[in-house]
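> what's the 3D shape of this:
(one chain, ligands or ions: 1)
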Amino acid sequence: MPANSVDILVVGGGIHGAAIARDAAGRGLKVMLAEKEDYASFTSSASSKLAHGGLRYLEHMEFGLVRESLSERAGLLRTAPHLVSPLKFLLPIFAWQKRSAWFVHTGLALYDLLSLGGEMPGSGRLAQSEIDALPYLRHDHLKAVLHYHDAHADDARLTLSAALDARGRGADIANRRTVTAIVPLANGYTATIVERGGTNEVEARFIVNTAGPFVGQLDAMIPHGPSPQNIRFVRGSHIVVPMPEPAETCAYTLQDEGERIIFSIPWLGGNFLMIGTTDIPQTGAPGHAVCSNQEKAYLLDAYNRYFSRSGGPVADSDIVFDWAGLRTLHGSPDKAASRISREVTLETSTQGNGGFLSLVGGKLTTHRATAEQVLARLRSMGLEMGPAWTRNTPQYGGTLDRKTLFARAAEGPAVVSQHTRQRWAFTYGDKIETLYGQLQTDPGLAEEIAPGVPRVELEHVASVEDAGTSEDFLMRRTKLQLFLDEAGREMIEDWFAKN
Ligand SMILES: Cc1cc2nc3c(=O)[nH]c(=O)nc-3n(C[C@H](O)[C@H](O)[C@H](O)COP(=O)(O)OP(=O)(O)OC[C@H]3O[C@@H](n4cnc5c(N)ncnc54)[C@H](O)[C@@H]3O)c2cc1C
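Residues are numbered from 1 along each chain as shown. All right, here's what the predicted structure looks like:
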């Protein structure tokens with residue numbers, strides 16, 4: 001195979017592209033991944049950050065989807081313990097809600113049944129004494145509080161870890177690499193790629209389009225490909241407020257006045273509450289989505305309807321952060337967005353002995369299984385490859401369980417604070433050993449570039465994790481954007497400008 005030719009070119013470094021590149025590389029295929037901005041810079045860093053079965057899909061009788069998601073949730077807890085952790089949810093039932101306690105209880109029993117073997121605690125109902133101890137939940141018309149478990153996931157780092165694992169298995173992975181044109185060949189395609197100021201041509205037998213909201217733009221580059229006309233967007237936004245005192249320790253699943261579900265989730269070590277999400281049809285060209293003032297008001301209203309704080313309702317001025325992402329759906333223009341399935345859809349077209357595959361939809365939780373599904377489809381199109389291998393293989397950084405990670409953070413080098421070491425353990429997982437090793441060789445690397453950010457960490461993210469800007473580091477490699485003040489953020493910006 002010539003140097004500039006690959007078996008698969010994956011376009012898009014969100015969770016799906018990264019997972020497909022990882023799986024394919026591990027099966028012995030020659031893979032290139034192109035990500036035009038930073039890994040996870042669109043939908044895969046804008047999710048609700050849950051590895052979950054999707055309790056509400058039970059209402060739509062999507063038992064297969066829920067069972068698969070619960071099985072993948074269990075797999076993620078095992079293979080990425082540094083990034084995915086169990087989370088207890090409370091589900092209050094009020095007299096004014098559409099769904100009765102009995103109905104929800106039955107749903108939770110089914111959820112337990114479908115997650116059998118997943119080692120999560122079962123669902124149940126809080127005793128009155130436990131309800132009385134909840135600090136903020138309103139009690140008027142409260143009929144019951146149910147509980148169940150799901151998992152929290154660091155979406156951006158899960159994406160990054162799949163991309164880095166793919167690289168470790170031989171794939172050519174890069175961010176700030178854009179596919180700008182695709183031309184069919186007798187067998188496969190030539191893609192034009194712009195990166196780091198230059199333009200290259202790459203021959204690919206198969207192209208996998210995981211461009212998320214931009215999937216239609218890529219589809220439109222090839223003749224007779226999937227139809228870009230059927231792509232729709234629904235915007236989902238989240239707001240973040242500081243955690244009140246005393247802190248909430250559980251997440252809440254809240255029903256709004258209709259049938260929508262809103263989550264209130266303790267986030268980032270319990271320092272913040274994340275509240276989301278909305279579901280607003282979005283028209284026009286895709287891009288970075290923005291949480292509107294109406295969405296902020298809707299989420300604040302929803303929260304304040306359930307909770308009462310002594311200092312008064314949570315207000316717009318309490319919001320310290322927000323984000324929005326686009327769900328990309330595939331369905332005919334005359335169908336209501338709410339009626340279009342959220343399951344992943346794959347569309348293909350062939351080009352000689354090669355082909356083009358376009359992916360729409362899907363879930364963060366099921367990305368590994370979706371990657372397997374994609375590779376099975378490519379195999380059916382004639383691409384020979386090794387067997388599936390990802391189910392039980394630790395993700396990048398994922399070889400240490402949570403107990404060991406706590407212990408490694410506790411016993412690490414004293415030149416770095418315990419707080420920073422703990423943050424490292426649940427950010428870099430077993431790669432904390434790399435940071436410790438470098439500090440042992442050169443203790444000068446403990447010098448803080450910004451409060452709580454030693455130089456060794458910045459050198460690591462820049463050289464190993466492809467972080468090229470302060471935003472890559474503060475927003476996606478870590479969430480230090482929410483912890484550093486403006487001066488601290490500027491120190492990080494200066495470092496990236498000089499290095
Ligand atoms: C509001 C919201 C909440 C959600 N919450 C959850 C949740 O809690 N749990 C869950 O399991 N799922 C959740 N999901 C679903 C999940 O987040 C998405 O299914 C998933 O992130 C989609 O990933 P992707 O890789 O398909 O797309 P993206 O993450 O959008 O990635 C596409 C990438 O392609 C790149 N790209 C585009 N064009 C080009 C080009 N020409 N060249 C190179 N690169 C290109 C983009 O820069 C982008 O990074 C949520 C989704 C939304 C919108």
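> the helices in the protein, which residues?
15-26, 63-79, 101-114, 128-132, 155-168, 215-219, 293-306, 367-380, 402-410, 418-428, 432-441, 455-463, 470-471, 486-498 (DSSP state H).
> pLDDT weak spots in the stretch 51-200 of the chain?
Of all residues in the stretch 51-200 of the chain, none has pLDDT under 70.
> Name the residues of it found near the ligand, please.
52, 178-179 (Cβ under 6 Å from any ligand atom). For every residue, glycine as well, the C-beta is placed using N, CA and C.
> related to what we said a few turns ago, could the helices of the chain be laid out in CSV, adding mean neighbour count?
Listed next are these as CSV, based on neighbours: other Cβ atoms under 10 Å:
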stretch, mean neighbour count
helix 15-26, 30
helix 63-79, 20
helix 101-114, 16
helix 128-132, 11
helix 155-168, 26
helix 215-219, 22
helix 293-306, 17
helix 367-380, 20
helix 402-410, 15
helix 418-428, 20
helix 432-441, 16
helix 455-463, 19
helix 470-471, 20
helix 486-498, 14
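> In this structure L445 contacts R455, no?
Yes: with contact defined as Cβ atoms under 8 Å, L445 reaches R455; the gap is 5.1 Å.
> Apart from its neighbours in sequence, what residue is nearest A74?
Spatial nearest neighbour of A74, excluding adjacent residues (Cβ to Cβ, 6 or more residues apart in numbering): G118 at 3.8 Å.
> thinking again about what came up before, please list only the buried members of the residues of the stretch 51-200 of the chain next to the ligand.
52, 179 (16 or more other Cβ atoms under 10 Å).
> Switch the residues of the stretch 51-200 of the chain next to the ligand over to TSV; also include distance to G361.
As requested, these are exported to TSV (distance: Cβ to Cβ, whole Å):
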residue	distance to G361
H52	16
T178	23
V179	21
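> Would you mind measuring from the residue nearest to R327 when sequence neighbours are not counted to L50?
Leaving out its chain neighbours, the residue that sits closest to R327 by Cβ to Cβ, 6+ apart is V234, at 4.5 Å. Relative to L50, V234 is positioned 17 Å away (Cβ to Cβ, to the nearest Å).
> Neighbour count for these two, which is higher?
For V234 versus L50, neighbours defined as other Cβ atoms under 10 Å are more numerous around L50 (23 against 19).
> What sits closest to the more buried one if chain neighbours are left out?
If the residues on either side of it in the chain are set aside, L50 comes closest to D150, at 5.8 Å by Cβ to Cβ, 6+ apart.
> The residue nearest to G325 when sequence neighbours are not counted and the ligand: what is the separation?
Computed as Cβ to Cβ, 6+ apart, the closest residue to G325 that is not its neighbour in sequence is A46, at 2.7 Å. Plainly put, A46 is 6 Å away from the ligand if you go by Cβ to the nearest ligand atom, to the nearest Å.
> Report the contact partners of A46.
155, 236, 238, 289, 323-326 (Cβ atoms under 8 Å, 6 or more residues apart in numbering).
> so of the residues you listed, which ones are in strands?
With strands taken from DSSP state E, the overlap with these comprises 236, 238, 323-326.
> Could you save these as a markdown table and add columns showing distance to the ligand, neighbour count and pLDDT?
Shown next, in a markdown table, are these (distance: Cβ to the nearest ligand atom, whole Å; neighbours: other Cβ atoms under 10 Å; pLDDT from 0 to 100):
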| residue | distance to the ligand | neighbour count | pLDDT |
| --- | --- | --- | --- |
| G236 | 2 | 22 | 96 |
| H238 | 7 | 26 | 98 |
| W323 | 8 | 20 | 98 |
| A324 | 7 | 20 | 97 |
| G325 | 4 | 26 | 97 |
| L326 | 6 | 22 | 96 |
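> which pair in those spans the largest distance?
The distance between the two most remote of those (Cβ to Cβ) is 13.2 Å, for H238 and L326.
> contacting residues for D7?
D7 makes contact with 24, 29-31, 204-206, 383 under the criterion Cβ under 8 Å, 6+ apart.
> now do 7 Å
By Cβ atoms under 7 Å, 6 or more residues apart in numbering, the contact list for D7 reads 29-31, 205-206, 383.
> same check, this time on L65
54, 57, 343.
> And L185, how close does it get to L383?
16 Å.
> So for these two, which residue has more residues nearby?
Neighbours were tallied for L185 and for L383 using other Cβ under 10 Å; the higher tally belongs to L383 (19 against 13).
> Next one: that one relative to the ligand, how far apart?
To the ligand, L383 is 21 Å away according to Cβ to the nearest ligand atom.
> Can you name the residues bridging to the closest residue to that residue other than its chain neighbours?
Of all residues not flanking L383 in the chain, F206 sits nearest, at 6.1 Å (Cβ to Cβ, 6+ apart). Beta-bridge partners recorded for F206 (DSSP bridges): I8, G355.
> F206 against I8, yeah?
Yes: assessed by Cβ atoms under 7 Å, F206 is found in contact with I8 at 4.8 Å.
> Alpha carbons of stretch 18-33, as CSV, please.
Once non-C-alpha atoms are left out, stretch 18-33 reads as follows in CSV (Å, rounded to 0.1, in the frame of the first residue of the first chain):
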residue,chain,number,x,y,z
ALA,A,18,-12.3,8.0,17.8
ALA,A,19,-13.9,4.7,18.8
ILE,A,20,-14.1,3.5,15.2
ALA,A,21,-10.5,4.4,14.6
ARG,A,22,-9.5,2.6,17.8
ASP,A,23,-11.4,-0.6,17.0
ALA,A,24,-10.2,-0.6,13.4
ALA,A,25,-6.6,-0.1,14.3
GLY,A,26,-6.7,-2.9,16.8
ARG,A,27,-8.0,-5.2,14.1
GLY,A,28,-4.8,-4.6,12.0
LEU,A,29,-6.3,-2.0,9.6
LYS,A,30,-4.4,1.0,8.4
VAL,A,31,-6.4,4.0,9.7
MET,A,32,-6.2,7.7,9.5
LEU,A,33,-8.5,10.0,11.6
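> how about it, does it reach the ligand?
No: figure legend: stretch 18-33 not in contact with the ligand (Cβ under 6 Å from any ligand atom); closest approach 7.3 Å.
> again, but for stretch 273-283
Yes: using Cβ under 6 Å from any ligand atom, we find that stretch 273-283 touches the ligand at T277.
> follow-up on the earlier one: quick one: which of the contacts of A46 is nearest V461?
Nearest to V461 among the contacts of A46: D155, at 17.2 Å, using Cβ to Cβ.
> Please convert the contacts of D7 to a markdown table, extending it with pLDDT.
Putting the contacts of D7 into a markdown table (pLDDT from 0 to 100) gives the following:
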| residue | pLDDT |
| --- | --- |
| L29 | 98 |
| K30 | 98 |
| V31 | 98 |
| R205 | 98 |
| F206 | 98 |
| L383 | 98 |
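> and which of the residues you listed is nearest the ligand?
Nearest to the ligand among the contacts of D7 is V31, at 14.3 Å by Cβ to the nearest ligand atom.
> can you pull up the bridge partners for that closest one?
I8.
> got it, and the one 4 residues further on?
Beta-bridge partners of E35, counted by DSSP bridges, are N175.
> I'd like the distance between it and the ligand.
Distance from E35 to the ligand, by Cβ to the nearest ligand atom: 5 Å.
> There's contact between that residue and T178 in this structure, I believe.
No: counting by Cβ under 7 Å, E35 stays clear of T178, with 8.5 Å between them.
> Give me the common contacts of these two.
With Cβ under 7 Å, 6+ apart as the test, E35 and T178 reach no residue in common.
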